[in-house]
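K.L.:
this one's sequence-less:
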């Protein structure tokens, strides 16, 4: 059955308004629940704004000094600091620095472990929800602390590009530990799909197979040593840990924030004389070329979160909605990509733009291994008679991946 409305909408910014616009319905045992429009939605409209139950920055992203608020993932570097680091040019100056919205004077550190927040509000929110249970205090840099050993083990198994973090699971545990109503928080997490496999389609999550058994055993042992709690004993037995792992892998929504990107968008909106606009555009184009040469594709503070209402959106290879993070923090906005009629299902794509352009066979491979279903959207049905061949791009990636086949590189 679908979750109660007050649960599913409880993390939206305006739950009352959102509940008049969309509805969560149970579809069938295979697809589970789905999100449907209760009234007409126009292309470009924001459908809802939602904060995550928990979120966490990726561990390699943190190690490589992408500085983000420990709670909301807002970028902490100014646009100029960000551009200097990414381009490798410490003397770089950005024009129109007043367009940068980062406010370093508001940043606050945890007084015990010194992790950074973008504001006192975020520091307090983190402390109230999960950080008291996870704060390492003076042991923040102690490699032998159980939580640091867990982080190191995860990093050694899950190299960039990152798609999830063991700390998302840790914050789930910590949130329940700190909650006054522990049963309520456990109930909230129970609304997320946590299947480790799909028996009807004979599919198992790619990271829960024999190839990764040893790595999962080690992670389970370290996770239990660092975080065990009697109220959550079912999450710490081997099968419960596998389900928790599948929950995070299947439902984790990527989050990206960037002070530089936000500055660029603000520059694009400037009304300038033609010559000045051309000079600014040329400066930005050259900056991104310099960054690509120095840093490559890794531009953002990156992490993932668990979003309750967004998780009810099913996949389509031709989605009618998409998620974005317009406030440069963990607030997710779902917007319509096309007009949506009353009663129509609202679908997002679990694939990125490049993956959606691949062959039906290639798309199905990604969806089967990571999300445990076979897509039957209109695009896939229209292509069902095409040969089961892999896209050339994926064949190249698989060739590169053979050398690292024993690493957890995708969740």
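P.N.:
Arrived safely. Quick caveat, the model's predicted, so the values are computed rather than measured. Residues are numbered from 1 along each chain as shown.
K.L.:
name the nearest residue to residue 186, sequence neighbours excluded.
P.N.:
Spatially, and ignoring its direct neighbours in sequence, residue 186 is nearest to residue 176 (5.9 Å; CB to CB, 6 or more residues apart in numbering). In short, each C-beta sits where N, CA and C put it, glycine included.
K.L.:
show me what contacts that neighbour?
P.N.:
Going by CB atoms under 8 Å, 6 or more residues apart in numbering, residue 176 touches 182, 185-186, 189, 229, 231-232.
K.L.:
let's go with 7 Å and repeat that
P.N.:
Contact partners of residue 176, counting by CB atoms under 7 Å, 6 or more residues apart in numbering, are 182, 185-186, 231-232.
K.L.:
quick one: residue 116 from residue 70, how far?
P.N.:
6 Å (CB to CB, to the nearest Å).
K.L.:
residue 290 too?
P.N.:
Counting by CB to CB - residue 290 and residue 70 are separated by 30 Å.
K.L.:
out of these two, which sits in the more crowded spot?
P.N.:
Shown here are residue 290 and residue 70; by other CB atoms under 10 Å, residue 70 has more neighbours (22 against 16).
K.L.:
nearest residue to that one other than its sequence neighbours?
P.N.:
Residue 70 sits nearest to residue 115 (CB to CB, 6+ apart), 4.5 Å away.
K.L.:
so what's the residue count around the one you found?
P.N.:
Per other CB under 10 Å, the neighbour tally for residue 115 reads 18.
K.L.:
in the chain, which spans are strands?
P.N.:
All strands of the chain, identified by DSSP state E, fall at 22-28, 32-37, 46-50, 54-57, 108-109, 116-117, 197-198, 203-204, 253-257, 301-306, 314-315, 321-324, 332-336, 345-348.
K.L.:
okay if I get those as JSON lines plus mean pLDDT and mean neighbour count?
P.N.:
Listed next are the strands of the chain as JSON lines, based on pLDDT from 0 to 100; neighbours: other CB atoms under 10 Å:
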{"stretch": "strand 22-28", "mean pLDDT": "93", "mean neighbour count": "16"}
{"stretch": "strand 32-37", "mean pLDDT": "94", "mean neighbour count": "19"}
{"stretch": "strand 46-50", "mean pLDDT": "97", "mean neighbour count": "21"}
{"stretch": "strand 54-57", "mean pLDDT": "98", "mean neighbour count": "25"}
{"stretch": "strand 108-109", "mean pLDDT": "98", "mean neighbour count": "14"}
{"stretch": "strand 116-117", "mean pLDDT": "98", "mean neighbour count": "20"}
{"stretch": "strand 197-198", "mean pLDDT": "50", "mean neighbour count": "16"}
{"stretch": "strand 203-204", "mean pLDDT": "44", "mean neighbour count": "18"}
{"stretch": "strand 253-257", "mean pLDDT": "94", "mean neighbour count": "21"}
{"stretch": "strand 301-306", "mean pLDDT": "96", "mean neighbour count": "26"}
{"stretch": "strand 314-315", "mean pLDDT": "91", "mean neighbour count": "18"}
{"stretch": "strand 321-324", "mean pLDDT": "96", "mean neighbour count": "17"}
{"stretch": "strand 332-336", "mean pLDDT": "98", "mean neighbour count": "20"}
{"stretch": "strand 345-348", "mean pLDDT": "96", "mean neighbour count": "20"}
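K.L.:
those strands: which one's closest to residue 8?
P.N.:
Set against residue 8 and scored by CB to CB, the strands of the chain come closest in strand 22-28, at 4.9 Å.
K.L.:
low-confidence ranges in the stretch 51-200 of the chain?
P.N.:
Applying pLDDT under 70 to the stretch 51-200 of the chain flags residues 195-200.
K.L.:
go again with 90.
P.N.:
157-165, 191-200 (pLDDT under 90).
K.L.:
please enumerate the helices of it.
P.N.:
Taking DSSP state H, counting those that start in this stretch as the test, the helices found in the stretch 51-200 of the chain are 59-63, 79-87, 120-126, 132-134, 146-157, 166-178, 182-190.
K.L.:
for those, give me a markdown table that also has distance to residue 387.
P.N.:
Listed next are those as a markdown table, based on distance: least, CB to CB, whole Å:
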| stretch | distance to residue 387 |
| --- | --- |
| helix 59-63 | 38 |
| helix 79-87 | 42 |
| helix 120-126 | 51 |
| helix 132-134 | 50 |
| helix 146-157 | 35 |
| helix 166-178 | 38 |
| helix 182-190 | 41 |
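K.L.:
that older thread, which of the contacts of residue 176 lies closest to residue 374?
P.N.:
Closest to residue 374 out of those is residue 186 (30.8 Å), distances taken as CB to CB.
K.L.:
where's the residue nearest to residue 186 relative to residue 222, distance?
P.N.:
19 Å.
K.L.:
just residue 26 next, same as before
P.N.:
37 Å.
K.L.:
for residue 11, same thing?
P.N.:
Distance of residue 11 to residue 222, given as CB to CB: 29 Å.
K.L.:
picking up where we left off before, of all the helices of the stretch 51-200 of the chain, which one comes closest to residue 214?
P.N.:
Closest to residue 214 of those, according to CB to CB: helix 146-157, at 10.0 Å.
K.L.:
contact partners of the closest one?
P.N.:
Residues from elsewhere that reach helix 146-157, judged by CB under 7 Å, 6+ apart: 59-60, 134, 136, 142, 165-166, 215, 218-219, 222-223, 225-226, 407-408.
K.L.:
mark which of these are buried, thanks.
P.N.:
Neighbour counting over those (16 or more other CB atoms under 10 Å) leaves 59-60, 134, 136, 165-166, 215, 219, 222-223, 226, 408 as the buried ones.
K.L.:
okay if I get the residues you listed as a markdown table plus distance to residue 110?
P.N.:
As requested, those are exported to a markdown table (distance: CB to CB, whole Å):
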| residue | distance to residue 110 |
| --- | --- |
| 59 | 18 |
| 60 | 22 |
| 134 | 10 |
| 136 | 10 |
| 165 | 19 |
| 166 | 20 |
| 215 | 31 |
| 219 | 26 |
| 222 | 23 |
| 223 | 23 |
| 226 | 18 |
| 408 | 29 |
